[in-house]
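Novice: Starting from these lines, generate the structure:
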Amino acid sequence: IGFWDARSLSVVTTEGAVVISQATKLTTGSTTTETVLQLPLLPLPSGITACISNDVIGVANDGSLIRNDEGSLYSVFGSDVQIGFALDGFPIYGTGTTAVDNCGGRVVAGQYRYELQTDAESIISCFAATPVQLP
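Specialist: Alright, predicted model coming up:
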């Protein structure tokens, strides 16, 4: 992954997608917004899992990258706190005690999500749907 500038990034959930965009102030004083990344919003896994090809697995709510080995950074949050989105579009929540599937997720109120587990070495084990590539 090249340089990822999380400054001025906003993470917004819109119709069917999570849009990560960056606002840039122009010399004229106006502001322009550019979409940096768009993640699909799916209610349930596709049934086809995908391997994790590098250490970055998602984007946090503040626009910073989530690395798969950084679970300890987010372990202070409980399973009721969304910390961001995986690159396949599913939300990532803090540490839970309920059993998860082989990718590290479960369905809650009809929506699939990943949950950190205290005994896991990584945040997720695989993607539950096809992930997007970071720019």
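Novice: Mind checking which residue lies nearest the centre of the chain?
Specialist: Phe85 (1.9 Å; C-alpha atoms, centre = their mean).
Novice: can you confirm Ser72 is in a helix?
Specialist: Yes. Checked against DSSP: H, G, I helix; E, B strand; the rest coil, Ser72 lies within a helix.
Novice: Point out where this structure drops to low pLDDT.
Specialist: 1-3 (pLDDT under 70).
Novice: Next up, the contacts around the residue lying farthest from the centre of the chain.
Specialist: Largest separation from the mean C-alpha position in the chain: Thr28, at 34.2 Å (C-alpha atoms, centre = their mean). Residues near Thr28 by C-beta atoms under 8 Å, 6 or more residues apart in numbering: none. Using the backbone N, CA and C atoms, a C-beta is placed for each residue, glycine as well.
Novice: quick revisit: ok, the residue nearest to the centre of the chain touching Gly58?
Specialist: Yes. Judged on C-beta atoms under 8 Å, Phe85 makes contact with Gly58 at a distance of 5.4 Å.
Novice: tell me, what's touching those two both at once?
Specialist: By C-beta under 8 Å, 6+ apart, the residues touching both Phe85 and Gly58 are Ile92.
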